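[1] using only what follows, build the 3D model:
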Amino acid sequence: MVCLLKELAVQLFDVGAVRLGDIEAKVGRRTPIYFDLRVVVSHPKIMMAIAQHLQILASEIDHDILCGVPYAALPFAAVMSVNTNTPMIMKRKETKLYATKKILEGVFEQNQKCLVVEDVVTSGGSLLETVHTLRKERLSVTDAVIVLEREQGGASVLKANGVDVKSIFTMSELVKILRDAGRISDETVEIVSDHIKECQFGMKDNFEHIIQ
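    Modelled structure (predicted):
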């Protein structure tokens with residue numbers, strides 16, 4: 001399993017899902033390392049590998065249905081659904097303004113246990129927003145499986161809101177694998193490590209208004 005994880009990490013780097021540089025992140029701060037897992041949809045073998053690793057994490061969690069956080073995590077959730085014959089629902093970015101006017105697409109029942117699938121957790125905001133929507137629809141949400149935990153406080157924010165997160169990689173694990181594989185330098189590992197320590201998120205930065 002460890003060898004397979006190392007292979008996956010290198011593949012993600014080689015296809016451009018892991019990028020280095022002084023990059024502006026979604027939350028408006030600069031980051032020395034950026035993850036764009038949307039490119040994985042063009043690499044079916046990598047997408048399957050990610051889904052299989054997420055399935056291993058999911059196998060330890062009691063759940064009835066899956067929901068991927070739009071949009072990057074939707075392909076992973078879809079592959080997991082097909083592979084495990086687990087029903088999936090989809091959260092819309094905005095409520096449908098005509099016909100059914102749904103925010104969730106798919107079939108579900110109140111109190112079903114919904115496992116959320118996400119690509120990357122930094123502040124936890126996107127995942128929290130999805131959790132809030134699912135709970136408003138009377139679904140039980142206590143767990144999420146993700147590809148990468150950036151170790152910048154998002155997992156703690158989610159934990160404080162009743163969501164346990166299991167990840168394939170943490171940021172520290174990933175950069176060490178890439179260093180050992182000769183893809184990045186020791187200096188880059190240090191820069192990323194310093195960035196993790198300096199850029200921490202918490203509820204004060206976050207989204208108390210989402211979980212009301």
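[2] other SSEs contacting the host helix or strand of S167?
    Element membership for S167 (DSSP states H and E) is strand 164-170. Strand 164-170 sits against helix 2-14, helix 44-58, strand 143-149, helix 154-160, with contacts defined as 3 or more Cβ pairs under 8 Å, 6 or more residues apart in numbering; DSSP states H and E. The way it works is simple: take the backbone N, C-alpha and C, and place the C-beta from them, glycine included.
[3] buried deepest among those, which one?
    Of all the helices and strands packed on strand 164-170, strand 143-149 has the most neighbours on average by mean count of other Cβ atoms under 10 Å, namely a mean of 25.
[4] helices of this structure, residue ranges please.
    2-14, 44-58, 74-84, 125-136, 154-160, 171-180, 186-198 (DSSP state H).
[5] switch those over to CSV; also include mean pLDDT and distance to D143.
    Listed next are these as CSV, based on pLDDT from 0 to 100; distance: least, Cβ to Cβ, whole Å:
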stretch, mean pLDDT, distance to D143
helix 2-14, 94, 21
helix 44-58, 97, 8
helix 74-84, 98, 14
helix 125-136, 95, 10
helix 154-160, 96, 10
helix 171-180, 96, 20
helix 186-198, 93, 24
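[6] now the ones you listed as TSV including distance to D119?
    Converted to TSV, the helices of the chain look like this (distance: least, Cβ to Cβ, whole Å):
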stretch	distance to D119
helix 2-14	11
helix 44-58	9
helix 74-84	7
helix 125-136	9
helix 154-160	12
helix 171-180	13
helix 186-198	18
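[7] quick revisit: would you turn the helices and strands packed on strand 164-170 into a markdown table with distance to T133?
    What follows is these, written out as a markdown table (distance: least, Cβ to Cβ, whole Å):
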| stretch | distance to T133 |
| --- | --- |
| helix 2-14 | 28 |
| helix 44-58 | 20 |
| strand 143-149 | 14 |
| helix 154-160 | 15 |
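[8] to L37, which of the ones you listed lies closest?
    Taking Cβ to Cβ, strand 143-149 is the member of the helices and strands packed on strand 164-170 nearest to L37, at 6.2 Å.
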